[in-house]
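Colleague: Predicted model follows, preceded by the sequence.
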Amino acid sequence: MSTATALSPEILAKYQPVIGLEVHVQLLTATKAFCGCVNQYGGDPNTHVCPTCLGLPGALPVLNRKAVEFAVLASKAINCTINERSVFARKNYFYPDSPKGYQISQFDKPLAEHGWINVHDADGNLKRIGITRLHMEEDAGKSVHDGFADSVTKTYIDLNRCGTPLVEIVSEPDLRSADEVFEYLTKLKEILLYTGVSDCNMEEGSLRCDANVSVMLKGADKFGTKAEVKNVNSFRFIRSAVQYEIERQIGVLEDGGRVVQESRLWNSAEGRTYSMRSKEQAHDYRYFPEPDLQPLIVGAAWQAEILTQLPELPEARRARMIAEYGLSEQDAATLTATREFADRFETAARQSKSPRRVAAILLSEITMRLRAAEIEFEQSPVTLAGIVQAADLAESGAISSKQLKQLLDTCFAEGHDFGFVYERDKPQQISDTSAIEAMIDEVITANPKQAEQYRAGKKTVAAFFVGQVMRLSKGQANPAVLNELVARKLDALGPL
């Protein structure tokens with residue numbers, strides 16, 4: 001972290017950061033918000049356009065029904081109240097990437113209000129972050145400042161993005177640290193991905209966040225002057241930018257200065273923010289109702305129809321999976337990180353006699369090998385059915401953990417599913433107690449020094465004998481039987 005001056009913990013502790021977020025999310029519709037142009041990232045510049053998104057005279061907007069459905073789903077997923085009647089407005093401003101000279105948005109009558117997301121505060125307690133509103137709008141085009149021979153003197157405009165349907169999600173100024181900001185955004189993205197309304201790809205601009213940051217003395221009843229941090233392209237950088245801005249503003253105040261209301265840009269290479277433009281005076285966007293669009297009515301019947309598409313959301317799914325499958329909180333959190341991963345697990349868990357064993361194999365053995373092979377689950381040679389078979393065999397004791405690993409290694413090396421490899425190379429696990437006892441006796445006789453250590457009270461030496469018998473049995477001794485018999489045999493030697 002780079003700051004102008006190093007601040008002591010005592011100085012930092014005097015101040016209370018106050019942070020609010022504005023998150024723009026592109027909706028994953030097939031066509032744009034108000035015309036039939038394809039809604040798709042990329043493409044040759046200025047090819048996904050028509051008279052409507054170019055703002056040509058006489059072209060009229062027609063609202064995309066699917067965009068409304070997605071906006072309602074997103075609103076309900078973050079606990080907002082849907083307003084049955086909302087109004088589109090013209091937000092007037094002049095900028096090269098906005099060909100109409102205004103943006104169709106919503107102003108005083110948004111689609112949804114009064115939502116919330118829970119995060120953890122510095123003490124680990126759950127804290128509710130209010131969401132002021134979610135409103136619909138269209139995206140602007142894109143100014144291209146580099147990539148051309150004359151980029152030093154010219155800016156190019158690509159209008160493919162014009163008219164892309166957006167929702168803007170505005171939080172209350174309830175966030176109090178950079179870590180809370182990171183968790184809020186992580187949870188918001190997770191929720192939106194579960195609903196399927198957006199791919200939330202920050203690199204492609206389908207999720208963008210501006211952070212309004214201010215600081216005030218602890219105990220004060222009035223917020224400080226805020227600065228808006230814009231154009232940050234990852235949650236990790238947003239956390240760093242917010243922390244830098246908190247420390248920068250505290251440093252200004254401690255030096256007797258005044259924080260200026262402005263927009264600032266984050267420079268990730270330098271780890272600091274830079275002033276972009278002053279915002280001492282609020283923009284007058286001259287909002288007025290969009291004359292070419294009637295008020296949007298989302299009545300109770302339509303809301304109910306839309307909400308049939310709402311899936312079980314991450315927090316509820318985690319709680320249910322912990323209760324239903326006996327998972328740890330950490331395993332449940334990992335398994336529900338994406339809807340697809342959770343679906344895979346539950347498909348296998350419901351077919352297995354041991355969901356917890358399925359979770360262990362999926363999270364450790366399979367995931368580890370996928371990473372090593374640099375492939376996705378869809379390319380895994382071991383299918384869900386193979387995972388179920390492996391879990392049931394391991395749970396029943398038919399194969400040891402070592403044998404399981406060996407079989408999975410073979411699956412990934414040869415590209416075969418678990419069932420095929422198991423039937424071909426079926427390992428024979430030794431559970432016969434007399435056979436295992438004979439091997440234990442042989443190992444104890446060959447290692448008198450370790451036997452004496454055990455008799456002298458060093459009980460951890462038992463693990464040595466277990467390992468030696470496993471080696472002698474070529475990994476085929478039943479682990480549960482082996483551990484019990486080793487302890488019994490060594491205890492029978494008596495103390496020294």
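Modeller: Noted; the coordinates are in hand.
Colleague: Run a quick neighbour tally on residue 273.
Modeller: The local packing count at residue 273 equals 23, with neighbours defined by other Cβ atoms under 10 Å. Any C-beta I mention is one placed from the backbone N, CA and C, and that applies to glycine too.
Colleague: quick one: it is in a helix?
Modeller: No - membership of residue 273 in a helix is not supported by DSSP: H, G, I helix; E, B strand; the rest coil, which gives strand.
Colleague: What residues does the closest residue to it other than its chain neighbours make contact with?
Modeller: The shortest distance from residue 273 to any residue other than its chain neighbours is 4.2 Å, reached at residue 264 (Cβ to Cβ, 6 or more residues apart in numbering). Residues touching residue 264, when contacts are defined by Cβ atoms under 8 Å, 6 or more residues apart in numbering, comprise 227-230, 245, 273-276.
Colleague: now residue 321
Modeller: Residue 321 is in contact with 327, 332, 335-336, 342, 345-346, counting by Cβ under 8 Å, 6+ apart.
Colleague: Going by neighbour count, list what's buried in the helix or strand where it lies.
Modeller: Per DSSP states H and E: residue 321 is located in helix 314-325. Neighbour counts using 16 or more other Cβ atoms under 10 Å place 314, 317-318, 321, 325 of helix 314-325 among the buried residues.
Colleague: After it, which helix or strand is next? Please name it.
Modeller: Read in the C-terminal direction, the helix or strand following helix 314-325 is helix 329-335, with elements assigned using DSSP H and E.
Colleague: With just CA atoms, put that following helix into CSV.
Modeller: Listed in CSV are the C-alpha atoms of helix 329-335, where the atom choice follows Å, rounded to 0.1, in the frame of the first residue of the first chain:
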residue,chain,number,x,y,z
GLU,A,329,-19.2,-24.5,7.1
GLN,A,330,-16.0,-24.2,5.1
ASP,A,331,-16.8,-27.2,2.8
ALA,A,332,-20.4,-25.9,2.3
ALA,A,333,-19.0,-22.4,1.4
THR,A,334,-16.6,-23.9,-1.2
LEU,A,335,-19.2,-26.2,-2.7
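Colleague: List of residues touching it?
Modeller: 318, 321-322, 327, 341-342, 345, 359-360, 362-363.
Colleague: Just the buried ones from these, in PyMOL syntax?
Modeller: What follows is the PyMOL syntax for the buried subset of these, where burial is set by 16+ other Cβ under 10 Å:
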select buried, resi 318+321+327+341+342+345+359+360+362+363
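Colleague: Adding pLDDT and distance to residue 254, write the buried residues of helix 314-325 out as JSON lines.
Modeller: Converted to JSON lines, these look like this (pLDDT from 0 to 100; distance: Cβ to Cβ, whole Å):
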{"residue": "314", "pLDDT": "96", "distance to residue 254": "41"}
{"residue": "317", "pLDDT": "97", "distance to residue 254": "46"}
{"residue": "318", "pLDDT": "96", "distance to residue 254": "42"}
{"residue": "321", "pLDDT": "96", "distance to residue 254": "48"}
{"residue": "325", "pLDDT": "95", "distance to residue 254": "52"}
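Colleague: Of the contacts of residue 264, just say which sits nearest to residue 286.
Modeller: Ranking those by separation from residue 286, with Cβ to Cβ as the measure, puts residue 228 on top at 20.7 Å.
Colleague: That closest one is in contact with residue 210, isn't it?
Modeller: Yes - Residue 228 lies in contact with residue 210 (Cβ atoms under 8 Å); the separation is 5.6 Å.
Colleague: Name the nearest residue to residue 172, sequence neighbours excluded.
Modeller: Once its chain neighbours are removed from consideration, residue 172 has its nearest residue in residue 130; the separation is 3.5 Å (Cβ to Cβ, 6+ apart).
Colleague: Which helix runs longest in the chain?
Modeller: Secondary structure of the chain read by DSSP state H shows that its longest helix is helix 235-254.
Colleague: Which parts of that one count as buried, going by neighbours?
Modeller: Of the residues in helix 235-254, those buried by neighbour count under the rule 16+ other Cβ under 10 Å are 235, 237-253.
Colleague: Report whether the residue nearest to residue 172 is found in a helix, as I expect.
Modeller: No - checked against three-state DSSP, residue 130 lies outside a helix; its state is strand.
Colleague: OK, contacts around it?
Modeller: Listed by Cβ under 8 Å, 6+ apart, the contact set of residue 130 reads 114-116, 171-172, 174.
Colleague: export these to a markdown table and tack on distance to residue 15?
Modeller: Conversion of the contacts of residue 130 to a markdown table gives the following (distance: Cβ to Cβ, whole Å):
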| residue | distance to residue 15 |
| --- | --- |
| 114 | 29 |
| 115 | 28 |
| 116 | 25 |
| 171 | 20 |
| 172 | 20 |
| 174 | 17 |
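Colleague: Highest neighbour count among those residues?
Modeller: Neighbour count (other Cβ under 10 Å) singles out residue 171 as the most crowded of the contacts of residue 130, with 26 neighbours.
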